[in-house]
Structure formats: structure tokens, C-alpha cells
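>>> this one's structure only:
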């Protein structure tokens, strides 16, 4: 089902979100912050596009209908929960050079000069200083 012989209605709805994503990218690069009020309208347009595309493939009896179900199911049941999980995970701590080279961490109560360790002989030449 095409609209004006150009694209499907779901594709035209997806084009509506491009200015929102462009604005989000600009704000992210400039200030590293994107307003929370932006995501609800984008989610609404995306859900509407999904509903329109599902209505177009409704009988789901042919190959294209089943392919739509597989794609939508993978997105909704795997990609969205995975992205939310990745967003909620705490950031990893950056490894120092000594921990990458196999040196032990500084012990409590030791002096700062004692915290420097000698890399093991099997360590790469990059670790030896």
C-alpha cells in the first residue's frame, strides 16, 4: 500500500522523526544532553508506524507477513530490552596500565612508592617502563 505512489504510510511516518533525531544529535554533540520531552513524541510516531505497517501485513499468512512478525518480534522482544539493559548498566571503570599488565593493586596502608609494581616477565614490552 503506497501513498501517492511514493512510499508506504509507515515509511512516510518514519520520515517525520528525522528532524527530531537531527535535533537530538545536534544537542548531544553540543551539550551532551538531550531533553527527555523529545523521546515521547518520537516513540508515539514509531508506535503508530508499527501499527500502520502491522495493519498492512495483517493476515500474516504469506511470507511477507511472517517476515514482518519475525522482524517486529526481534525488535520488541530482544533489541529494546537489550538497549534498556545496556543503558541502565553502570559504566565500567577504566583499567590502569598496571592492572592491564598483570600488576597487583596497591595494598592498604602501603606507601605510594610501594604501590608501584614490577610487571611480570611475561608481560608485553609495552608494560615495562
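Thanks, I have the structure now. Small disclaimer: the values here were computed from a predicted structure and weren't measured.
>>> every contact and neighbour count from this point should use C-alpha atoms.
Fine.
>>> and stretch 68-80, which residues are buried?
68-69 (16 or more other C-alpha atoms under 10 Å).
>>> which residues does that stretch contact?
Contacting residues not belonging to stretch 68-80 are listed as 54, 57, 60 [C-alpha atoms under 8 Å, 6 or more residues apart in numbering].
>>> quick check, pLDDT for the closest residue to residue 54 other than its chain neighbours.
Nearest non-adjacent residue to residue 54, counting by C-alpha to C-alpha, 6 or more residues apart in numbering: residue 68, 7.7 Å away. What the model reports as pLDDT for residue 68 is 91.
>>> roughly how far does residue 68 sit from residue 61?
Distance, residue 68 to residue 61, by C-alpha to C-alpha, to the nearest Å: 11 Å.
>>> what does residue 28 give?
For residue 28, the distance to residue 61 - C-alpha to C-alpha - is 43 Å.
>>> does the spatially most central residue of the chain lie in a helix or a strand, and which?
Per C-alpha atoms, centre = their mean, the C-alpha nearest to the average position across the chain is that of residue 83, at 5.2 Å. In this assignment (DSSP states H and E), residue 83 forms part of helix 80-88.
>>> can you give me the mean pLDDT across that helix?
88.
>>> check which residues of it are buried.
Here helix 80-88 shows no buried residue, counting by 16+ other C-alpha under 10 Å.
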